[in-house]
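Student: Would you be able to build a 3D model of this:
(one chain, ligands or ions: 1)
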Amino acid sequence: MSLQKHNKDTYPAIRSFVRHHGRMTAGQRHALGCYWQDYGIDFSRQVLNLKAFGDFSQVVLEIGFGNGETLVDMAASYPDILFIGVEVHRPGVGRTLMLAQARDLKNLRLVEYDAVAFIDTMLPANCLDRVQIYFPDPWHKRRHHKRRLIQNAFCQQLHRVLKLQGLLHIATDWFPYAEHCIKVLVSMDNYRNLAVAGDYVEKPDYRRETKFERRGRRLGHEVKDLLFAAT
Ligand SMILES: C[S@@+](CC[C@H](N)C(=O)[O-])C[C@H]1O[C@@H](n2cnc3c(N)ncnc32)[C@H](O)[C@@H]1O
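Tutor: Model (predicted):
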């Protein structure tokens, strides 16, 4: 089995996540043991050759895919696109492996690691057609805002790996976070907001409803989609 070690000391000090060592089901454990070799990318210091995964028309990266429902559904709907998902929540990775294997997906790869480190270390420049970040942890408290994923430095990092005109798609049900994201991205002169009227776009058809989205809607939150192009 080629799972990386899960030593918390290997993660960078600044984190956008808390690693909950949630209970894993037998199915998730089994999937991690059996299917990682088909879908997993082990974290290493080596830059990836994405062509090695096959001949795909586009490459899409999803950061924080949670239980993988949406990611697997999208990968099944767009077999000509290579989807790479990054998530630190191990039971979520296990669940996603179960779903991917059940649908015999050939266009999905998973990374169980901090997305910030993965992107910085393993992705070559200008390799992505889209980065999707759906319902990132909003870190509500002001003193935690520094843990938000969407910050100028990280968006610069994303810009490095996006192709010219590649898309950064964010969805959130926490309006202050949506406003924060707009503020960050509008302040950067290498992103262009694709919203036609106002700051937000209609939900693109390709985005499927996520678990956190359902939760947000149950709580009465309005969902905002942001779509920016790298320029
Ligand atoms: C609020 S959940 C949303 C999950 C899923 N996108 C959804 O909408 O159901 C945010 C997820 O992002 C993951 N996450 C946060 N920071 C991350 C990072 N730096 N690298 C990888 N995953 C991260 C968390 O583990 C968590 O599963």
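
Student: Would you mind listing where the protein has pLDDT under the threshold?
Tutor: 1-14, 21 (pLDDT under 70).

Student: ranges for the strands of it?
Tutor: Counting by DSSP state E, the chain has strands at residues 58-63, 81-86, 108-111, 128-134, 162-172, 191-193, 224-230.

Student: would you list those in CSV and tack on distance to Ala75?
Tutor: For the C-beta atoms, the positions are set from N, CA and C on the backbone; glycine is no exception. CSV is the format used below for the strands of the chain (distance: least, Cβ to Cβ, whole Å):
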stretch, distance to Ala75
strand 58-63, 9
strand 81-86, 4
strand 108-111, 4
strand 128-134, 12
strand 162-172, 16
strand 191-193, 26
strand 224-230, 20
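
Student: Might you report the residue contacts of Cys127?
Tutor: Neighbour list for Cys127: 50, 59, 161, 163 [criterion: Cβ atoms under 8 Å, 6 or more residues apart in numbering].

Student: what about stretch 170-177, start to end distance?
Tutor: For stretch 170-177, the separation between the terminal residues is 10 Å (Cα to Cα, to the nearest Å).

Student: now stretch 93-111
Tutor: By Cα to Cα, the extent of stretch 93-111 from end to end equals 8 Å.

Student: from now on call the first residue 51
Tutor: Sure, I'll start counting at 51 from here, so that last one is stretch 143-161.

Student: Now do the buried residues in that stretch.
Tutor: Buried positions in stretch 143-161, judged by neighbour count with 16 or more other Cβ atoms under 10 Å: 143-151, 155, 157-161.

Student: Can you lay out the strands of the chain as JSON lines showing distance to the ligand?
Tutor: As requested, the strands of the chain are exported to JSON lines (distance: least, Cβ to the nearest ligand atom, whole Å):
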{"stretch": "strand 108-113", "distance to the ligand": "6"}
{"stretch": "strand 131-136", "distance to the ligand": "5"}
{"stretch": "strand 158-161", "distance to the ligand": "8"}
{"stretch": "strand 178-184", "distance to the ligand": "4"}
{"stretch": "strand 212-222", "distance to the ligand": "8"}
{"stretch": "strand 241-243", "distance to the ligand": "20"}
{"stretch": "strand 274-280", "distance to the ligand": "13"}
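
Student: Just the helices from the chain, written as ranges.
Tutor: For the chain, the helices defined by DSSP state H occupy 76-89, 119-127, 140-152, 165-172, 202-211, 225-236, 261-268.

Student: which residues are in contact with the second one?
Tutor: It refers to helix 119-127. 110, 112, 115, 131, 133, 135, 146, 149-150, 153, 155, 157-158, 184, 256-261.

Student: swap in the fifth one?
Tutor: With Cβ under 8 Å, 6+ apart as the test, helix 202-211 has contacts from 111, 166, 169-170, 173-178, 181, 218, 234-235, 237-238, 240-241, 280.
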